[in-house]
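**Student:** Show me the folded form of this:
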Amino acid sequence: MKIDELMFGESERIPNNPRLPALFYHQAIDLANDGAAAIERLFRANGWGGLWRNGVFDFQHYHTKAHEVLAVARGSAKLLIGGPEGRALEVLAGDVIVLPAGTGHRRIAASGDFLVVGAYPPGQEPDVQRGPATNADRDAIAAVDLPRLDPVLGKEGPVVTAWQHAAPSAQG
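**Tutor:** Numbering: from 1, shown residues only. Have a look, this model is predicted:
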C-alpha cells in the first residue's frame, strides 16, 4: 500500500495543522466482502470510535478538537484537502485519509453511490469549524492528543510513527 504524507500551511480561513501531515492511504482496505462493515471492524480493532457513515460536506471545514479518519466504502469522489489552496485528491473505494486536527477538507464532486466511514481517536469529539481560524482554534488544535494506534495499521502505522516523530512533545 502506498501512503502519502501531505503538509499544508494556513490556507485563507483554514488553519490546517502546522506539525502533523495528513495521510493518504491508497487502496488500504479490501472491501470485497462487506464494505462499510469491514471498515468499521478495522477502526474499532484499532481503538477508533464515534463511527459514522455518510459523505463529506461540500463546504470547507475543519475540526479543532479531534483528528479524523475517512475511509471510502463505496464509489469515488474528488476531495479538496488543506483548504482552498490545498490539494485535490481523487479517492476510490478502499482509500483512507487521516486528517490531523485543523486540516481543512471538503467534497468537490462525488459519484452517486459515494459512501464514507469516518471515525475519531478515543475521547475525541469533532466540532465543525468553517473559519476564519482564531488563536483559540490554533491552541485547541495544538492540544489535541496524538492517537495511540493508527486506524488502519495499528501500532506500526504512520499515525503512530510519522506523527510521533513530527510532534515528539505531544501527549499520546
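
**Student:** Could you give me the buried positions within stretch 150-167?
**Tutor:** By 16 or more other Cβ atoms under 10 Å, the buried positions in stretch 150-167 come out as 150-153, 157-160, 162-164, 166-167. Any C-beta I mention is one placed from the backbone N, CA and C, and that applies to glycine too.

**Student:** what about the residue located most distally from the centre of the chain, is that helix, strand or coil?
**Tutor:** In terms of distance from the mean C-alpha position of the chain, residue 33 ranks first, at 23.9 Å (Cα atoms, centre = their mean). For residue 33, the assignment made with DSSP: H, G, I helix; E, B strand; the rest coil gives coil.

**Student:** check contacts around residue 72.
**Tutor:** By Cβ atoms under 8 Å, 6 or more residues apart in numbering, residue 72 lies in contact with 91-96, 114-116.

**Student:** of all those residues, which two lie farthest apart?
**Tutor:** Maximum pairwise distance in those, criterion Cβ to Cβ, is 14.6 Å, between 96 and 114.

**Student:** If you count surrounding residues, which of these two has more?
**Tutor:** residue 96 (27 against 19; other Cβ atoms under 10 Å).

**Student:** Would you agree the more buried one is in contact with residue 151?
**Tutor:** Yes: contact between residue 96 and residue 151 holds when scored by Cβ atoms under 8 Å: they sit 7.3 Å apart.

**Student:** Find residues that contact each of the two.
**Tutor:** Common neighbours of residue 96 and residue 151, counting by Cβ under 8 Å, 6+ apart, are 69, 71.

**Student:** Tell me where the chain is predicted with low confidence.
**Tutor:** 168-172 (pLDDT under 70).

**Student:** what ranges do the strands span in it?
**Tutor:** For the chain, the strands defined by DSSP state E cover 3-6, 22-25, 49-54, 68-74, 76-81, 87-92, 96-99, 105-110, 115-120.

**Student:** Can you give the strand pairings for the fourth one, parallel or anti for each?
**Tutor:** If I follow you right, that is strand 68-74. If you go by DSSP bridges, strand 68-74 pairs up with strand 96-99 (antiparallel), strand 115-120 (antiparallel).

**Student:** and residue 57, which of those is closest to it?
**Tutor:** strand 115-120 (10.6 Å).

**Student:** Centre of the chain to the closest one, how far?
**Tutor:** In terms of Cα atoms, centre = their mean, to the nearest Å, the centre of strand 115-120 is found 9 Å from the chain centre.

**Student:** now do stretch 143-154
**Tutor:** Centroid separation between stretch 143-154 and its chain, computed with Cα atoms, centre = their mean, is 11 Å.

**Student:** Now do that stretch: distance from first to last residue.
**Tutor:** For stretch 143-154, the first and last residues are 22 Å from each other (Cα to Cα, to the nearest Å).
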